[in-house]
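Trainee: My questions are about this predicted structure, shown below with the sequence.
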Amino acid sequence: DQQVKQNSPSLSVQEGRISILNCDYTNSMFDYFLWYKKYPAEGPTFLISISSIKDKNEDGRFTVFLNKSAKHLSLHIVPSQPGDSAVYFCAASDTGTASKLTFGTGTRLQVTL
Amino acid sequence: DAGVTQSPTHLIKTRGQQVTLRCSPKSGHDTVSWYQQALGQGPQFIFQYYEEEERQRGNFPDRFSGHQFPNYSSELNVNALLLGDSALYLCASSFRGWGPESDIQYFGAGTRLSVL
């Protein structure tokens, strides 16, 4: 039972353009959401988070949007850079904090020159 | 400032054996969580340790057990290994408190366990 779904296994975007990564969830008890980035041979690195009381959170080039009614969140990266090429994981928690995370299967982003 | 360190990086075991994986948290962190990542999947939460006690547990059998030491480092033990236990095991550390950085989990690079 996949409670957090990332339906696009891969995404290719040109440098300078916007990257949009999507994530859907089924558990209505999830109240905290995060995005992690993972490079090969490294552990996932925290990118940005959002609480269920918000619908948007920005941090530099990264913005996360949350649509609770649709049980959908997305990560926007503007502008995309070659160093953004990595696997991006969406994660959710039902504890109100960033602990006990349920992860999606990841989306591999390739930013091309 | 050392981040989360895990040892060993790779391990090969046979079915039925037992294995112990180790994790040192990031400096200043007091909470350790363990995750299992099978090939092509996202990490799956095993359990979390705080103040030397298991505080939260995911959907894993009792063959998976852990320990946290007074210096906040942690071990993950898996008994009676099965072929399906082959995976990347990730340790994550965090600190409990208030503020935007609390509970954010910082991950190590993982231990790759192969069960033959």
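Mentor: Perfect, I can see it now.

Trainee: show me where chain B has helices.
Mentor: Per DSSP state H, chain B carries no helices over any range.

Trainee: Tell me which residue is most central in it.
Mentor: Computing the C-alpha centroid of chain B and ranking residues by Cα atoms, centre = their mean puts residue B:34 first, at 2.8 Å.

Trainee: I'd assumed residue B:66 was in contact with it.
Mentor: Yes. Judged on Cβ atoms under 8 Å, residue B:34 makes contact with residue B:66 at a distance of 6.4 Å. C-betas here are computed from N, CA, C, even on glycine.

Trainee: and residue 52, how many neighbours?
Mentor: In the absence of a named chain, this looks at chain A. Neighbour count of residue A:52, defined by other Cβ atoms under 10 Å in any protein chain shown: 16.

Trainee: actually it's chain B I care about, not the one you picked
Mentor: Using other Cβ under 10 Å, residue B:52 has 11 neighbouring residues.

Trainee: got it, and residue B:53?
Mentor: If you count neighbours by other Cβ under 10 Å, residue B:53 ends up with 9.

Trainee: That one is in contact with residue B:68, isn't it?
Mentor: Yes. Using Cβ under 8 Å, residue B:53 is in contact with residue B:68, at 7.4 Å.

Trainee: Tell me which residues touch residue A:2, please.
Mentor: Contacts here follow Cβ atoms under 8 Å, 6 or more residues apart in numbering or on different chains; on that basis residue A:2 touches A:26, A:104-105.

Trainee: and stretch A:99-109, C-alpha only, in CSV?
Mentor: Output of stretch A:99-109 as CSV, limited to C-alpha atoms (Å, rounded to 0.1, in the frame of the first residue of the first chain):
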residue,chain,number,x,y,z
SER,A,99,10.0,12.4,12.1
LYS,A,100,8.7,8.9,11.1
LEU,A,101,8.7,9.7,7.4
THR,A,102,6.9,7.8,4.7
PHE,A,103,8.7,8.3,1.4
GLY,A,104,7.7,8.1,-2.2
THR,A,105,9.7,6.1,-4.8
GLY,A,106,11.5,9.1,-6.1
THR,A,107,11.8,11.1,-9.4
ARG,A,108,15.1,11.3,-11.2
LEU,A,109,15.6,14.9,-12.4
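
Trainee: Residues of chain A that sit close to chain B?
Mentor: Applying Cβ under 8 Å from any Cβ of the partner chain, we find that chain A lies next to chain B at A:4, A:6, A:34, A:36, A:41-46, A:49, A:89, A:91, A:95, A:97-106.

Trainee: if you set the cut-off to 10 Å instead, what comes out?
Mentor: Residues of chain A found near chain B (Cβ under 10 Å from any Cβ of the partner chain) are A:1-2, A:4-6, A:9, A:32, A:34, A:36, A:38-39, A:41-46, A:49, A:87, A:89-91, A:93, A:95-106.

Trainee: Filter these down to the buried ones.
Mentor: For these, a neighbour count by 16 or more other Cβ atoms under 10 Å in any protein chain shown gives the buried set as A:4-6, A:32, A:34, A:36, A:38, A:43-44, A:46, A:49, A:87, A:89-91, A:93, A:97-106.

Trainee: got the residues of chain B near chain A?
Mentor: Counting by Cβ under 10 Å from any Cβ, the residues of chain B near chain A are B:3-4, B:6, B:9, B:31, B:33, B:35, B:37, B:40-45, B:47-48, B:50, B:55-59, B:88, B:90-92, B:94, B:96, B:100-110, B:112.
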